[in-house]
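**Student:** quick one: sequence and predicted model below, then my questions.
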Amino acid sequence: MRPFTYERATDARAAVAAASRPGATFISGGTNLLDLMKLEIEHPSHLVDISRLPLGDIEELPDGGLRIGAQAANSEVSADARVRTSYPVLSEALVAGASGQLRNMASVGGNLLQRTRCPYFYDTTAGCNKRDPGSGCAAIGGFNRTHAILGASDACIATHPSDMAVAMTALEARIELLGADGTARDVAIGDFYLLPGDTPHIETVLRPGEMITGVVLPPPPPGGQLYRKVRDRASYEFALVSVAAVVLVDGETVADARVAFGGVAHKPWRSVAAESALRDRPATMATYRSAAEAATRDAVGRGGNDFKIELARRTLCRTLDQAARAARATRAG
Ligand code: SF4
């Protein structure tokens, strides 16, 4: 690990000012950044510790939504009674991520900004356009079992590792930001992440020095919610495919649906095509299968990950079926 300096920020404006210096970066729980520093994949010269900023509250909003401070621990959010009751898809996604110890340390803001777990990104002897722009992509033609099937490019086929962000995408969350000049703005999570294109090292619309201060969840959507994660082992593992679904059933018809995939793309993958294929259609497995076909129409395998295309379809069908059952149970209750 290379030498670096450290400061603990005492307020948000001082933090963004400090982090806008060349070579500076934020640190909170450090569950991803410290590994990246030890492996010399990231080598900031100055760390601005934002973990003690008063940004950890979870607050109800006048419109019925919820604001989650960026410094709230993943474990606090998953255990919050309001999240568990009104946004169960988010609580389920958080519990499906990492381990208990990591969830205690990891912040909401850090979870959103964690880097890919592509093994070549962590192997400094391998070509990786994300780590070292212009050096190639060892995953294309290499070991790519865990890589993207949607939205990838010839420069990068990495996936985004967050479970939480997938649920937030289905919930249409907005991310609150504070800029280096003290200007606040918010961005829909669907617009926050970028696809790799020719610049896979640029992953979000964050500006230099800009800090995530919170996440706003709109009022809970009606219907059933479910997060389903398929992975190689039952705990402490990233998704091969995951699905966050919100399904509203009217009688035997899908009145509305929101669908987001994890583990399949460079960003949490909202599938508008699947949602269109579900709306006003019978709540049956045939409809879910049509939605799954629509969701994966543009999917491309790279050899090792070809199986993910059918896995994504089946995971979506199963998740929709369960979410629709939950919607019916909610209505009956
Ligand atoms: Fe790097 Fe992306 Fe290729 Fe992985 S998939 S080696 S992160 S460029």
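**Tutor:** Looks like it came in fine.
**Student:** need the residues of the protein near the ligand, please.
**Tutor:** With CB under 6 Å from any ligand atom as the criterion, the chain meets the ligand at residues 116, 118, 120-121, 128-130, 137-139, 147, 156-158, 200. Backbone N, C-alpha and C define where each C-beta goes, glycine included.
**Student:** what's the pLDDT at Ala329?
**Tutor:** Looking at Ala329, its pLDDT reads 85.
**Student:** Gly224 is in contact with that one, correct?
**Tutor:** Yes. The pair Ala329 / Gly224 is scored as a contact, 7.4 Å apart, by CB atoms under 8 Å.
**Student:** between those two, which one's more packed in?
**Tutor:** Higher neighbour count among Ala329 and Gly224: Gly224, with 24 against 10, using other CB atoms under 10 Å.
**Student:** so who does that one touch?
**Tutor:** Gly224 is in contact with 245-249, 322-330, counting by CB atoms under 8 Å, 6 or more residues apart in numbering.
**Student:** any idea how many residues pack against Asp306?
**Tutor:** Neighbours around Asp306, by other CB under 10 Å: 15.
**Student:** and Ala14, by the same measure?
**Tutor:** Burial measure for Ala14: 13 neighbouring residues, criterion other CB under 10 Å.
**Student:** next, give phi and psi for it.
**Tutor:** Dihedral pair for Ala14: phi -70, psi -30, per degrees, to the nearest 10.
**Student:** what of Ala260?
**Tutor:** Main-chain torsions, Ala260, degrees, to the nearest 10: phi -140, psi 140.
**Student:** is it correct that it is in contact with Ser162?
**Tutor:** No. Using CB under 8 Å, Ala260 is not in contact with Ser162; the gap is 11.1 Å.
**Student:** what do these two both touch?
**Tutor:** Counting by CB under 8 Å, 6+ apart, the residues touching both Ala260 and Ser162 are Pro268.
**Student:** quick revisit: buried members of the residues of the chain next to the ligand into ChimeraX, please.
**Tutor:** The buried residues among the residues of the chain next to the ligand can be selected in ChimeraX (16 or more other CB atoms under 10 Å) with this line:
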select :116,118,120,121,128,129,130,137,138,139,147,156,157,158,200
